[in-house]
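Trainee: Sequence plus predicted model, see below.
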Amino acid sequence: MKRKLSVLPILIVTLLFFALNAYVLSGLSTLNNSTYLSPIYWVFIVGLTFALFYAIQQMRIQGTNRFFQIVSHAFLIVFVAEIVFAIFLLLGDFYRLVLALTSNFQPEGYHWLSRSNYWVDFAFVMFCLTIVLFAYGITQGKYAYRVIKHTLYFDDLPSNFDGFTLTQISDVHAGSFTNPNAVQKGIDMINAQKSDLFVFTGDLVNNAADEIKPYIGHFSQIKAPFGQLSVLGNHDYGDYIKWPSELEKVQNLQQLKDYHKELGFRLLLDEHVELVKGDQKIILAGIENWGIGFGERGDLKKALQNTAVDDFKILLSHDPSHWDAQVKNNPSKIQLSLAGHTHGMQFGIEAFGIKWSPVKYRYKHWAGIKTENGRYLNVNRGFGFLGFSGRIGIWPEITVIELKKK
């Protein structure tokens, strides 16, 4: 039985959408009162909206294609720019209203409904700046790799591992890449760190294993003296597309595991390895994806079997919600956990002492280092991108962590 669609929410969203555009048009008319502005504006907005609906319908039949990417990104850019324009326009209108209600003297010819061209000009500048930022994020930002370094101190780090370094990347999402040369620059930056260990914390692909195939030659270049270790992320299981049969879905996952081998990655599936230096060791464990709302597959207890409570442990676990749920208070101390998953939502600001992204309303800790109960978590911002084909303010990350003994 098909679930009936509620008309009221659709009607409310439609009315709000057209109210937003009518308000934006009123502001643009302050700048240019041409008789042609209104019909051109509405033809563009309505045409773009219908193009988006058509693209979504085609995507459901054929999967994601170039037409859908172009139309959806064009709609997103225009919509966000309109919201920015409307916010600044509303601030100006509210200021004029307050001034009209609180001031007894008004200059000759003044009317509170008359907008200041200077304020509308500023709102329009912010509108254009928003478009420029999105254009940069789509064309350049998604490949603007950053190396972020952390030095972490531990009382119980084996002395032979003092100064040990590891490089972490996460969330490659190979199916989103369109520029192999740009990806190669990221690979070169990874190898340039010359770390002792390389780890990858999940989401090699968006949905299908074959997405990584064109980039095997790139990622197989990554080498480290203590090896290249990896885990799976929520997208690697193929849960987000419809498969002809359950068997093909299972085969796809097996193919992805085989590709990890081709890349030279040791895939950890609820298991651990020992990293030995002289007569001392540290434990590196990895679990299958465990994330609240994204599949709780991983078995931490199994991954830590035959390890001692006081062993120094590093855990690879794709989703940072796992750290809060099972790791930070685990009786068997895990000194360092490495995660990804959030991408920092590929949008936000990290500058001038400000660290903000909309993803903070979903995850308490969404990027960088967090420490609690004497244990560390690092959340990598992701190497690739998904959904929005770009990054603004939250750049793709290569993390380098140095372990130091206190």
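Mentor: Arrived safely, thanks for sending. Numbering: from 1, shown residues only.

Trainee: Angles on the backbone of L275, please.
Mentor: phi -100, psi 120 (degrees, to the nearest 10).

Trainee: Which strand residues bridge it?
Mentor: I282 (DSSP bridges).

Trainee: Same check on L152?
Mentor: Applying DSSP bridges to L152 gives these bridge partners: L403.

Trainee: Name all residues that make contact with the spatially most central residue of the chain.
Mentor: Geometric centre of the chain, nearest residue: H343, 2.2 Å, by C-alpha atoms, centre = their mean. Contacts of H343 were listed using C-beta atoms under 8 Å, 6 or more residues apart in numbering, and they are D171, V359, R381, G382, F385, L386, I394. C-beta: built from backbone N, CA, C; applies to glycine.

Trainee: ok, of those, which one's closest to F68?
Mentor: Set against F68, the nearest of those by C-beta to C-beta is L386 (14.1 Å).

Trainee: I'd say the closest one and D171 touch.
Mentor: Yes - contact criterion C-beta atoms under 8 Å: L386 and D171 qualify, at 7.4 Å.

Trainee: any common contacting residues for the two?
Mentor: Contacts common to L386 and D171, judged by C-beta under 8 Å, 6+ apart, are D203, H343.

Trainee: So between the two, which is more surrounded?
Mentor: Counting neighbours by other C-beta atoms under 10 Å for L386 and for D171 shows that D171 has the greater number, 26 against 16.

Trainee: Next, count neighbours for the nearest residue to the more buried one once chain neighbours are set aside.
Mentor: Nearest residue to D171 in three dimensions, chain neighbours excluded: G382, at 3.6 Å (C-beta to C-beta, 6 or more residues apart in numbering). Number of residues near G382 (other C-beta under 10 Å) recorded here: 27.

Trainee: ranges for the helices of the stretch 201-350 of the chain?
Mentor: Secondary structure of the stretch 201-350 of the chain, counting by DSSP state H, counting those that start in this stretch: helices at 216-219, 246-263, 300-303, 321-322.

Trainee: and if you look at the stretch 51-200 of the chain?
Mentor: Assigned by DSSP H, counting those that start in this stretch, the helices in the stretch 51-200 of the chain fall at 66-102, 117-139, 180-192.

Trainee: Could you dump these into a markdown table and include mean neighbour count?
Mentor: Output for the helices of the stretch 51-200 of the chain, formatted as a markdown table (neighbours: other C-beta atoms under 10 Å):
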| stretch | mean neighbour count |
| --- | --- |
| helix 66-102 | 16 |
| helix 117-139 | 16 |
| helix 180-192 | 15 |
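
Trainee: Tell me which of those helices sits nearest to I292.
Mentor: Of all those, helix 66-102 comes closest under C-beta to C-beta, at 27.0 Å.

Trainee: quick one: average pLDDT of that closest one?
Mentor: Average pLDDT, helix 66-102: 87.

Trainee: what angle do it and helix 117-139 make?
Mentor: 160 degrees (axes from the mean of the first three to the mean of the last three C-alpha atoms, to 10 degrees).

Trainee: Helix 66-102 packs against which elements?
Mentor: Packing contacts for helix 66-102, counted by 3 or more C-beta pairs under 8 Å, 6 or more residues apart in numbering; DSSP states H and E, involve helix 7-31, helix 37-62, helix 117-139.

Trainee: Kindly present the ones you listed as TSV, with separate columns for distance to L157.
Mentor: Listed next are the helices and strands packed on helix 66-102 as TSV, based on distance: least, C-beta to C-beta, whole Å:
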stretch	distance to L157
helix 7-31	54
helix 37-62	49
helix 117-139	39
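
Trainee: Just put these in CSV and tack on mean pLDDT.
Mentor: Shown next, in CSV, are those (pLDDT from 0 to 100):
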stretch, mean pLDDT
helix 7-31, 90
helix 37-62, 88
helix 117-139, 92
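
Trainee: Of those, which is nearest Q335?
Mentor: helix 117-139 (35.8 Å).

Trainee: how distant is the closest one from the center of its chain?
Mentor: What separates the centre of helix 117-139 from the centre of its chain is 23 Å, taken as C-alpha atoms, centre = their mean, to the nearest Å.

Trainee: Export it to PDB, keeping only CA atoms.
Mentor: The C-alpha trace of helix 117-139 is given here as PDB (Å, rounded to 0.1, in the frame of the first residue of the first chain):
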ATOM      1  CA  ASN A 117      20.200  52.000  -2.300                       C
ATOM      2  CA  TYR A 118      23.400  51.700  -0.300                       C
ATOM      3  CA  TRP A 119      21.900  48.800   1.900                       C
ATOM      4  CA  VAL A 120      20.500  47.000  -1.100                       C
ATOM      5  CA  ASP A 121      23.800  47.400  -2.900                       C
ATOM      6  CA  PHE A 122      25.500  45.700   0.100                       C
ATOM      7  CA  ALA A 123      23.000  42.900   0.000                       C
ATOM      8  CA  PHE A 124      23.600  42.400  -3.700                       C
ATOM      9  CA  VAL A 125      27.400  42.400  -3.100                       C
ATOM     10  CA  MET A 126      26.800  39.600  -0.600                       C
ATOM     11  CA  PHE A 127      24.600  37.800  -3.100                       C
ATOM     12  CA  CYS A 128      27.400  37.900  -5.700                       C
ATOM     13  CA  LEU A 129      30.100  36.900  -3.200                       C
ATOM     14  CA  THR A 130      28.000  33.800  -2.300                       C
ATOM     15  CA  ILE A 131      27.900  32.800  -5.900                       C
ATOM     16  CA  VAL A 132      31.700  33.400  -6.300                       C
ATOM     17  CA  LEU A 133      32.400  31.300  -3.100                       C
ATOM     18  CA  PHE A 134      30.300  28.400  -4.400                       C
ATOM     19  CA  ALA A 135      31.900  28.600  -7.900                       C
ATOM     20  CA  TYR A 136      35.400  28.500  -6.200                       C
ATOM     21  CA  GLY A 137      34.300  25.500  -4.000                       C
ATOM     22  CA  ILE A 138      33.100  23.600  -7.100                       C
ATOM     23  CA  THR A 139      36.000  24.300  -9.400                       C
END
